[in-house]
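Novice: from the sequence below, what's the structure:
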Amino acid sequence: MAKVKHKMTCRSLLLLTMFNLNVFADETNAQIKTMPASHQALAEGVLLGDLNALDPAKKPADNFDLASWSLTLPTDLNKDGKADTVYEKPLSEGFELKPLFYTAVNGGMVFACPNHGARTSSHTKYTRTELREMLRRGNRHIKTQGITQNNWVFHSAHGTVRRDAGAVEGSLEATLAVDRVSTTGERKKVGRVIVGQIHATDDEPLRLYYRKLPENENGSLYFAHEINGGEDKWVSLVGSRSDNLVDPPDGIKLGEKFSYKITVEQDVLYVTLIRPGKKNITQMVDMRESGYDKNDQYMYFKAGVYNQNNSGDQRDFVQATFYYLKNSH
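Specialist: Have a look, this model is predicted:
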């Protein structure tokens, strides 16, 4: 009897394994079928943008369309107790401020941010040199916050909310290299920087992180999806967010160019990582139950460097160079 039972058990395990593989295949196929056409059309291993078109002799706004962005800096030049903001008009007219925001010798747009500096509010822990999407494109009659023509909303938002917003859903594309991460301070904070975001009224549907630990050669890329008023859901693209991660063999080195494409379509989040000569990696998160369809929820993209280390040496900093940036709705 024991032998018969053993054989039946093995057969059951085989059938269960085959069932699980079929389910996995079905889920993978379903993901591919539901992935937006714009992500399916991305060429494998081909960086986004025309990097050869960048001119190192030009200001950032002459190489990039910055008319629909404002810039937050880790400075407080007007002594109002908050981080300085450069709005659309001066930014698009050629603003730069070395060593925080300027054109690199290869034409890229450099963002650098120290561990310690001015913050946007008392509720914010970290400093940033970061662009904030401004769909109003310099029209100061439109308020920056709220359900206005400056911000966008989810597809499932109420009809009146969609009507009053500047757009419904959209995409953010970028090609960049993280040049430097923090190397001093608390272990749980060292080496972390956010290079792309979707910010909502209070929370963040997406925070895209790059992290490299001091002892590792390669870094990780992962993102957090924050439930509105709730906890984060973490998703890895390459490596992980671990404080003790062994050097990820397929990770991203400092100075290595990569592209990302972030899309919200039908309340689903899609994030694709593109690296030269490698297969594209896409992860998706269903946000239909995340609470961002409420009437008070509005969105905007962010890109640059949002330093996630507020400890360590006063001279420590993060830096990334962007070679392509495009927001679309």
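Novice: what ranges does the stretch 151-300 of the chain have for its strands?
Specialist: Residue ranges of the strands in the stretch 151-300 of the chain, as given by DSSP state E, counting those that start in this stretch, are 152-153, 167-168, 170-180, 192-199, 206-211, 218-226, 232-238, 252-253, 258-265, 268-274, 281-286, 300-307.
Novice: show me the contacts for the residue positioned nearest the centre of the chain.
Specialist: The C-alpha lying nearest the average C-alpha coordinate of the chain belongs to residue 196 (CA atoms, centre = their mean; 2.4 Å). Taking CB atoms under 8 Å, 6 or more residues apart in numbering as the definition of contact, the neighbours of residue 196 are 172, 174, 206-208, 260, 262, 301-303. C-beta: built from backbone N, CA, C; applies to glycine.
Novice: likewise for residue 166?
Specialist: 135-136, 148-152, 329.
Novice: with residue 164 instead?
Specialist: Residue 164 makes contact with 147-149, according to CB under 8 Å, 6+ apart.
Novice: next: residue 127.
Specialist: For residue 127, the residues meeting the contact criterion (CB under 8 Å, 6+ apart) are 74, 83, 113-119, 307, 310.
Novice: now do residue 189
Specialist: In this structure, residue 189 makes contact with 182, 308-312, judged by CB under 8 Å, 6+ apart.
Novice: now for the residues you listed: which two are most distant?
Specialist: Of all pairs drawn from these, the widest gap by CB to CB lies between 308 and 312 and measures 11.7 Å.
Novice: which one's more surrounded, those two?
Specialist: residue 308 (24 against 18; other CB atoms under 10 Å).
Novice: for that one, what are phi and psi?
Specialist: Per-residue torsions, residue 308: phi -110, psi 30 (degrees, to the nearest 10).
Novice: nearest residue to it in space, please, no chain neighbours.
Specialist: Beyond its immediate neighbours in the sequence, the residue positioned closest to residue 308 (CB to CB, 6 or more residues apart in numbering) is residue 192, lying 3.6 Å away.
Novice: show me what that neighbour is bridged to.
Specialist: Residue 192 has these beta-bridge partners by DSSP bridges: residue 211.
Novice: lowest-pLDDT helix or strand in this structure?
Specialist: Using mean pLDDT, DSSP states H and E, helix 2-34 stands out as the lowest-scoring helix or strand of the chain, at a mean of 48.
Novice: including pLDDT, neighbour count and distance to residue 89, could the contacts of residue 196 go into JSON lines?
Specialist: Shown next, in JSON lines, are the contacts of residue 196 (pLDDT from 0 to 100; neighbours: other CB atoms under 10 Å; distance: CB to CB, whole Å):
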{"residue": "172", "pLDDT": "98", "neighbour count": "23", "distance to residue 89": "22"}
{"residue": "174", "pLDDT": "99", "neighbour count": "24", "distance to residue 89": "23"}
{"residue": "206", "pLDDT": "98", "neighbour count": "25", "distance to residue 89": "28"}
{"residue": "207", "pLDDT": "98", "neighbour count": "22", "distance to residue 89": "28"}
{"residue": "208", "pLDDT": "99", "neighbour count": "25", "distance to residue 89": "28"}
{"residue": "260", "pLDDT": "98", "neighbour count": "22", "distance to residue 89": "28"}
{"residue": "262", "pLDDT": "98", "neighbour count": "24", "distance to residue 89": "26"}
{"residue": "301", "pLDDT": "99", "neighbour count": "26", "distance to residue 89": "19"}
{"residue": "302", "pLDDT": "98", "neighbour count": "23", "distance to residue 89": "19"}
{"residue": "303", "pLDDT": "98", "neighbour count": "28", "distance to residue 89": "19"}
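Novice: which pair of the residues you listed spans the longest distance?
Specialist: Farthest apart among these by CB to CB are 174 and 207. That separation is 14.3 Å.
Novice: measure stretch 263-270 end to end?
Specialist: Looking at stretch 263-270, the gap from its leading to its trailing residue is 5 Å under the measure CA to CA, to the nearest Å.
Novice: let me fix that, I meant to ask about stretch 238-254.
Specialist: The stretch stretch 238-254 measures 14 Å between its terminal residues, going by CA to CA.
Novice: which secondary structure element is home to residue 320?
Specialist: Secondary-structure element containing residue 320, defined by DSSP states H and E: strand 317-328.
Novice: for that strand, the distance to its chain's centre please.
Specialist: Centre-to-centre, strand 317-328 and its host chain are 10 Å apart (CA atoms, centre = their mean, to the nearest Å).
Novice: and it, what does it pack onto?
Specialist: Other helices and strands packing on strand 317-328, by 3 or more CB pairs under 8 Å, 6 or more residues apart in numbering; DSSP states H and E, are strand 109-114, strand 170-180, strand 192-199, strand 300-307.
Novice: where does the prediction get shaky in the stretch 1-150 of the chain?
Specialist: Low-confidence segments of the stretch 1-150 of the chain, defined by pLDDT under 70, span residues 1-33.
Novice: quick one: the helices in it?
Specialist: 2-34, 37-40, 60-63, 88-92 (DSSP state H, counting those that start in this stretch).
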